[in-house]
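> Next input, structure requested:
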Amino acid sequence: MSKRSLWLLLLCALLALMPVTALGSETVYRIETADGEYLTSIAGECEAGDEYFSGDDRHYRIAQVDEESKVAVAEYIGQTDLPDVSWLTGQDAAAVSAVGRKLIALYCTHSDESYIEGDGTESDEEKGGIYDIANLFAGKLKALGATIEKSDETHHPHDAGAYRRSRQTALALLKKQPNAIFDLHRDGIPDPEEYAVKLGGKPMSKVRLLVGKSNQNKDANLSFAKQIKAVADKMYPGLIKDIYMGKGTYNQDLAPRSVLLEFGTHTLPKERVEASTGPMAEVVYRTLFGGVVGSAGGSDASSGKAAPEEKPAAESNEGAGAGVWIIVALVLGLGVFAFLSAGRGGMEKWKHSFSEMTGGLMGKKPKK
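Residues are numbered from 1 along each chain as shown. Prediction:
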């Protein structure tokens with residue numbers, strides 16, 4: 001047997017011994033505290049320095065990762081303070097007005113991702129069930145008054161180059177200048193109970209928020225993710241599973257309001273995930289645009305006028321009238337200065353000039 005044939009034989013043997021990996025399957029890491037308390041699992045990459053914000057807002061940082069056992073140890077940092085969303089308790093009966101531009105962009109980097117119970121497979125090489133979730137999510141957002149730019153582009157295969165390929169899709173969507181852009185996924189952790197939840201007595205799926213720590217927008221992206229969770233915790237407690245800030249950019253370096261949404265995991269029934277798209281749409285809409293979710297069209301039927309839009313505190317126009325009083329004070333100050341400078345002899349002349357300056361509003365109206 002020649003040396004070339006021997007090398008080929010050895011190569012074939014090695015390939016045969018390697019485990020067969022299905023399209024889209026990922027390494028799963030178990031994350032726990034130094035005392036061995038289980039926190040969560042993460043599918044994909046996990047490294048020291050990653051940050052984890054639990055459902056009850058405890059902040060952890062990954063201290064070390066054992067690549068052999070796939071166990072990561074997280075150190076407790078402290079309790080996380082979520083943004084103030086007291087504006088949510090405003091006029092709950094009012095409908096959202098249709099005033100203003102409300103554009104949201106959606107796409108799916110991992111085009112194969114599917115749900116075993118519902119799609120019959122965890123990964124579809126043509127187009128995964130995640131696109132069905134994206135369509136439902138888009139429809140719910142539209143019903144609330146948002147305009148949607150959604151891409152159905154696929155980015156196969158599910159490998160390290162998927163985000164590079166989906167970057168072109170994200171760039172194309174961002175040309176429309178959306179208020180926010182979301183990359184929709186389904187998780188790959190095996191335990192469906194980590195995502196199973198009941199909201200209003202109805203079986204649904206939790207949603208995990210992922211932020212990339214390797215980009216210049218990471219602080220803005222994380223702040224946006226925390227705003228989403230704060231709103232969700234008020235509207236639908238338990239809907240947001242947690243926030244994970246991990247390795248990579250997830251193309252979030254392209255926009256300050258960009259978050260990856262994990263809608264359930266592959267072992268959770270798809271119908272539960274579908275049911276969660278409505279509440280998640282309401283949360284995203286409220287986070288971005290304030291207002292109160294209501295009937296589409298957003299008008300007051302009794303008056304024929306658009307209902308006033310409620311906005312988050314950060315977008316409040318409070319104090320906008322202060323500028324008017326500053327101008328009035330300035331005019332009066334100039335008037336007093338001119339009066340004092342004119343002396344007695346120029347008093348009548350000053351009265352006439354001031355009356356002209358104010359259009360007769362103050363002083364005797366000048367003759368035409």
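
> Show the low-confidence segments of this structure, by residue range.
1-25, 90-99, 291-368 (pLDDT under 70).

> Which stretches in it count as helices?
3-17, 116-119, 130-144, 162-174, 218-235, 270-289, 322-342, 347-357 (DSSP state H).

> residues contacting residue 108?
Applying Cβ atoms under 8 Å, 6 or more residues apart in numbering to residue 108 gives the contacts 128, 130-131, 134, 151, 154-155, 166, 183-185. Backbone N, C-alpha and C define where each C-beta goes, glycine included.

> Go again with 7 Å.
130-131, 134, 183-184 (Cβ atoms under 7 Å, 6 or more residues apart in numbering).

> Show me which residues of stretch 247-264 are buried.
247-255, 257-264 (16 or more other Cβ atoms under 10 Å).

> Ok, stretch 125-138 next?
128-134, 136-138.

> could I get those as TSV with distance to residue 279?
Listed next are the buried residues of stretch 125-138 as TSV, based on distance: Cβ to Cβ, whole Å:
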residue	distance to residue 279
128	22
129	19
130	18
131	20
132	17
133	13
134	16
136	12
137	11
138	15
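
> What is the nearest of those to residue 102?
residue 138 (13.0 Å; Cβ to Cβ).

> Nearest spatial neighbour of that closest one, chain-adjacent residues omitted?
Closest residue in space to residue 138, ignoring its immediate chain neighbours: residue 148 at 4.5 Å, by Cβ to Cβ, 6 or more residues apart in numbering.

> Which strand residues bridge the one you found?
residue 104 (DSSP bridges).

> how much space between it and residue 182?
10 Å (Cβ to Cβ, to the nearest Å).

> Go ahead and confirm residue 115 touches residue 266.
Yes: counting by Cβ atoms under 7 Å, residue 115 does reach residue 266; the two are 5.8 Å apart.

> Now list whatever residues contact both of the two.
The contact lists of residue 115 and residue 266 share residue 186, where a contact means Cβ under 7 Å, 6+ apart.

> and for residue 148 and residue 182, which residues touch both?
Common neighbours of residue 148 and residue 182 (Cβ under 7 Å, 6+ apart) are residue 106.

> Which one's more surrounded, the two?
A count of neighbours by other Cβ atoms under 10 Å puts residue 182 above the other of residue 148 and residue 182, at 24 against 18.

> Surely that one is in contact with residue 257?
No: checked against Cβ under 7 Å, the pair residue 182 and residue 257 is beyond contact range at 9.2 Å.

> just to revisit the earlier point, which two of the contacts of residue 108 lie the greatest distance from each other?
131 and 183 (12.7 Å).

> how about the strands in the stretch 51-200 of the chain?
Ranges of strands in the stretch 51-200 of the chain, per DSSP state E, counting those that start in this stretch, are 51-53, 58-66, 71-79, 103-107, 147-150, 180-187, 196-199.

> of all these, which lies closest to residue 281?
Smallest distance to residue 281 across those (Cβ to Cβ): 9.4 Å, for strand 103-107.

> now the angle from the closest one to strand 180-187?
If you take axes from the mean of the first three to the mean of the last three Cα atoms, to 10 degrees, strand 103-107 sits at 30 degrees to strand 180-187.

> Check which helices and strands strand 103-107 is in contact with.
Applying 3 or more Cβ pairs under 7 Å, 6 or more residues apart in numbering; DSSP states H and E, we find strand 103-107 packed against helix 130-144, strand 147-150, helix 162-174, strand 180-187.

> and the angle from it to helix 162-174?
160 degrees.

> tally of neighbours for residue 177?
Neighbours of residue 177 (other Cβ under 10 Å): 11.

> Now it: closest residue in space that isn't a chain neighbour?
Residue 177 sits nearest to residue 103 (Cβ to Cβ, 6+ apart), 7.2 Å away.

> for the one you found, what are its contacts?
147, 149, 176, 178-179.

> cool, residue 65 as well?
29, 46-48, 72.

> Can you flag the buried ones in those residues?
29, 46, 72.

> As a markdown table, the residues you listed with distance to residue 283 would be great.
Below are the buried ones among the contacts of residue 65 laid out as a markdown table (distance: Cβ to Cβ, whole Å):
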| residue | distance to residue 283 |
| --- | --- |
| 29 | 28 |
| 46 | 27 |
| 72 | 29 |
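
> Closest one to residue 243 out of those residues, please.
residue 46 (14.8 Å).

> Please name the nearest non-neighbouring residue to the closest one.
In space, residue 46 is closest to residue 29, 4.0 Å off (Cβ to Cβ, 6+ apart).

> Isn't the one you found up against residue 72?
Yes: under the criterion of Cβ under 7 Å, residue 29 makes contact with residue 72 at 5.2 Å.

> Quickly list what's touching both of those two.
By Cβ under 7 Å, 6+ apart, the residues touching both residue 29 and residue 72 are 46, 65.

> What residues does residue 62 make contact with?
Taking Cβ under 7 Å, 6+ apart as the test, what residue 62 contacts is 46-50, 72, 74.

> In a markdown table, list those residues along with distance to residue 225.
Formatted as a markdown table, the contacts of residue 62 follow (distance: Cβ to Cβ, whole Å):
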| residue | distance to residue 225 |
| --- | --- |
| 46 | 18 |
| 47 | 19 |
| 48 | 21 |
| 49 | 18 |
| 50 | 14 |
| 72 | 20 |
| 74 | 18 |
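
> Between all of these, which two are at the greatest distance?
47 and 74 (12.0 Å).

> Next, the contact list for residue 50, please.
Contacts of residue 50 by Cβ under 7 Å, 6+ apart are 62, 213, 245-247.

> how far away is it from residue 74?
Distance from residue 50 to residue 74, by Cβ to Cβ: 8 Å.
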